[in-house]
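A.B. asks: Build the 3D model from these lines:
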Amino acid sequence: YNGDDSTQSENWANYVGWNTVPVNIINARNGARDQLYNDAAKLNEVLDSEGITWQGRLFGGSVVPTVGWRKDTIKSYGNSAPRLPLTDVSDINFEIDPTTNGVDISEGETTTWGVVAHLPSRLESRLPWGMRLSGFYNNSENFNPVNRVGFDTRPIAAPSGSSEDYGIVISALEDRLTMKFTNFETRVERANLPGSSPLGNNVWFLANIEAWGTASALTHELYWEGELPGLGWFSNYGMVDQGLFGNPDWEGPNFSDEARNDPTNVALLQSVQDWYATMPAQEFFDGYGLPINVAAAQGSLADRRTMVDGGAWNPYNGIGSIQPAGGGRVNGLSPTGAVDQESKGFEVEVSARLKKGWDLTLNVVKTEATRGDLDEGFRGWIEEQYNRFQGPAGDIRMWWAGDTNIRTYYDQFIYQPYLFQEDQK
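C.D. replies: Here you go, the predicted model:
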């Protein structure tokens, strides 16, 4: 005995060794499927299309013009399965309702026209080897009726664009030999960024970091209020940096003035307040199904306590226990980014019918493809987050008090992949 106060944790009589306890193992094949779902989403989409096409034959069929008009309207609404609070299992017995989940609507009209001109028969008959000569021109508007959502949970306008192509077709030997020469140019606005995940495997960080940063800030604040004993490894930066584990003056809950006034801990609590002040709007958290109340976070300490006391989250479970209800989807849609694209080139196609049942086709294409700007919502959201994390809010450390800060994680996971996308112009 060294004279220090003794605790019950040091009394060997309190240790009973190994115990046998009942464990209920569930199996989807044995009727427990509904207790094992970790993600589900429902999406309702209705597409209405209408259009009209006119085709004419002028000058005895030597000129064939075509004009078309089309209108597309797509309406969609959806939601992700809620998570059961006690088990964190997704409850797949949920409904989607346009009156509560909101309806996304995309609408577009397109006009297409073109003309094909054949050499008049009186001139065509003078050509050798049964040759025929035609020219064509097409100009079309394009609209892809699809509802999309960005990583900021706001809708992205549907892709649209235009195409232009023109050329000539030469055939001979009663169409046994055909050659087609085409120039083309296509422009698309707000096309989906290539790849299923435009920022790589860490795209989940865009949404989760807002919830995890808020949870970290609240944990730090309550810890320094003396309400979360035992979390010094997470919330006491000064103690961890100086290796003062187990020091009662630093561990709390009765912190010494030296611990409270440590510059690293003072800066931490300033970061906490900056985080609250710069949080995104409530619509962002609602879109991802994250249990964060912005009004409470930006209110009083008593308001912030309700996020813990109300059962939305237990600080002792760690920030990683907070996950978006829909597995990262927003109203049933997977977030994406968009970019402007343009391609132009030249195509040559040669087809020959060697004999009955034997055809040979040769196709050569030269294409020059370029990318334009990323859509404003995609760029704006990432730049906004990046700029926030350059301030005190970005000093909050990620997984524990000795870890790298959020700013560094964000730069590695999100900002560098984003700059790579920007450089693809």
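
A.B. asks: Packing partners of the helix-or-strand element of the chain with minimal mean pLDDT?
C.D. replies: The helix or strand of the chain with the poorest confidence is helix 98-101; it has a mean of 72 (mean pLDDT, DSSP states H and E). In terms of contacts (3 or more CB pairs under 8 Å, 6 or more residues apart in numbering; DSSP states H and E), helix 98-101 is packed against strand 63-80. The way it works is simple: take the backbone N, C-alpha and C, and place the C-beta from them, glycine included.

A.B. asks: The strand it packs on packs against which elements?
C.D. replies: Taking 3+ CB pairs under 8 Å, 6+ apart as the contact definition, the neighbouring helices and strands of strand 63-80 are strand 41-55, helix 98-101, strand 104-118.

A.B. asks: Deepest in the core, which of those is it.
C.D. replies: Counting by mean count of other CB atoms under 10 Å, strand 104-118 has the highest mean neighbour count of the helices and strands packed on strand 63-80, with a mean of 17.

A.B. asks: mind listing what it pairs with, with the direction of each?
C.D. replies: Partner strands and pairing direction for strand 104-118 (DSSP bridges) are strand 63-80 (antiparallel), strand 132-143 (antiparallel).

A.B. asks: between these, which one is nearest to A296?
C.D. replies: If you check each of the strands paired with strand 104-118 against A296 by CB to CB, strand 63-80 wins as the nearest, at 22.6 Å.

A.B. asks: Quick check: buried residues in the closest one?
C.D. replies: Neighbour-count burial for strand 63-80 flags 64, 68, 70, 72, 74-80 (criterion: 16 or more other CB atoms under 10 Å).

A.B. asks: List every C-alpha atom in it, with coordinates, as PDB.
C.D. replies: Listed next in PDB are the C-alpha coordinates belonging to strand 63-80 (Å, rounded to 0.1, in the frame of the first residue of the first chain):
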ATOM      1  CA  VAL A  63     -35.000  16.000-100.900                       C
ATOM      2  CA  VAL A  64     -36.300  14.400 -97.700                       C
ATOM      3  CA  PRO A  65     -36.700  16.800 -94.700                       C
ATOM      4  CA  THR A  66     -37.500  15.600 -91.200                       C
ATOM      5  CA  VAL A  67     -38.600  17.700 -88.200                       C
ATOM      6  CA  GLY A  68     -39.400  16.400 -84.700                       C
ATOM      7  CA  TRP A  69     -40.400  17.800 -81.300                       C
ATOM      8  CA  ARG A  70     -40.500  16.100 -78.000                       C
ATOM      9  CA  LYS A  71     -41.300  16.900 -74.400                       C
ATOM     10  CA  ASP A  72     -40.300  14.800 -71.400                       C
ATOM     11  CA  THR A  73     -41.300  15.300 -67.800                       C
ATOM     12  CA  ILE A  74     -40.000  13.000 -65.000                       C
ATOM     13  CA  LYS A  75     -41.300  13.100 -61.500                       C
ATOM     14  CA  SER A  76     -39.700  11.100 -58.700                       C
ATOM     15  CA  TYR A  77     -39.800  10.900 -54.900                       C
ATOM     16  CA  GLY A  78     -38.200   8.400 -52.500                       C
ATOM     17  CA  ASN A  79     -36.700   7.900 -49.200                       C
ATOM     18  CA  SER A  80     -34.300   5.600 -47.300                       C
END
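
A.B. asks: how far off strand 41-55 does it point, in degrees?
C.D. replies: Taking axes from the mean of the first three to the mean of the last three CA atoms, to 10 degrees, strand 63-80 and strand 41-55 form an angle of 170 degrees between their directions.

A.B. asks: Can you pull out the low-pLDDT segments for the stretch 101-250 of the chain?
C.D. replies: Filtered on pLDDT under 70, the stretch 101-250 of the chain yields the residue ranges 101, 195-196.

A.B. asks: now the helices for it?
C.D. replies: In order along the chain, the stretch 101-250 of the chain carries the following helices (DSSP state H, counting those that start in this stretch): 121-124, 205-224, 232-235, 237-242, 248-251.

A.B. asks: Was I right to think A32 contacts T87?
C.D. replies: No. At 11.6 Å, A32 and T87 do not qualify as touching, with contact defined as CB atoms under 8 Å.

A.B. asks: Could I get the contacting residues of the residue most central in space within the chain?
C.D. replies: Nearest to the centroid of the C-alpha atoms of the chain, with distances taken as CA atoms, centre = their mean, sits P335, at 3.0 Å. Residues touching P335, when contacts are defined by CB atoms under 8 Å, 6 or more residues apart in numbering, comprise 149-151, 153, 206, 328-329.

A.B. asks: can you redo the helices and strands packed on strand 63-80 as JSON lines with distance to R304?
C.D. replies: Listed next are those as JSON lines, based on distance: least, CB to CB, whole Å:
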{"stretch": "strand 41-55", "distance to R304": "31"}
{"stretch": "helix 98-101", "distance to R304": "27"}
{"stretch": "strand 104-118", "distance to R304": "33"}
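
A.B. asks: Let's verify the residue nearest to the centre of the chain: helix, strand, or coil?
C.D. replies: The assignment at P335 comes out as coil when based on DSSP: H, G, I helix; E, B strand; the rest coil.

A.B. asks: any idea how far S256 is from it?
C.D. replies: Here P335 is placed at a distance of 47 Å from S256 (CB to CB, to the nearest Å).

A.B. asks: swap in L43?
C.D. replies: Relative to S256, L43 is positioned 56 Å away (criterion: CB to CB).
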